[in-house]
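Chemist: I'll drop the sequence and a predicted model, then ask my questions.
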Amino acid sequence: MLFRLHRATWAETAFPSFAGREPFHRAFARLALERGWLRLHILELAQKPVAAYYGFRIGQVEWGYQFGRDRAEDRASVGAVIAGHAIRESIAEGAGQFRLGPGAQAYKTRLATDDPGVETIGLADGLRGHAVLRASARRAAAA
């Protein structure tokens, strides 16, 4: 259901990578559930799923990873409702932070108090891996 809602939300944009990695996310969600990290919320209207939230809680931080919504229900602000619910639930469970992830979507700028950015850490194994990391670091420094 999350993948269907995500595709419906982002079908016309440049965000196909989440749905394109469905097998990975299904496997990771199972692992996250076993470890107590998984947070999945579904909003229904008249017993029909119209919005979904997929995130993770690690320690005191909730990581809002992906949202999806049925655009036919945009007048009901189902995206804002599921986001608000996820944030409220994370607070009730004791989270000290709710991170929305990278990107400057309008809902993030409305909800966030700051943007701590994203830090990428790479580990290499072998000469080729080290060369790729060095090239990536040079490219990032030049940007």
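Modeler: Perfect, I can see it now. Every value quoted in this text rests on a predicted model; they were computed, and no experiment measured them.

Chemist: Within its sheet, name the partner strands of the lengthiest strand in the chain and how each one runs.
Modeler: If you go by DSSP state E, the chain has its longest strand at strand 48-58. Sheet pairing for strand 48-58, assigned by DSSP bridges, gives strand 38-45 (antiparallel), strand 61-69 (antiparallel).

Chemist: Give the other helices and strands that the helix or strand following the last one contacts.
Modeler: What that stands for is strand 61-69. The helix or strand immediately downstream of strand 61-69 is helix 78-92, counting by DSSP states H and E. Packed against helix 78-92 by the contact rule (3 or more Cβ pairs under 8 Å, 6 or more residues apart in numbering; DSSP states H and E) you find strand 38-45, strand 48-58, strand 61-69, strand 97-99, helix 106-111. (Glycine included, C-beta is placed from N, CA and C.)

Chemist: May I have the beta-bridge partners of residue 49?
Modeler: residue 44.

Chemist: Might you report the residue contacts of it?
Modeler: Residue 49 makes contact with 1, 5, 42-43, 70 under the criterion Cβ atoms under 8 Å, 6 or more residues apart in numbering.
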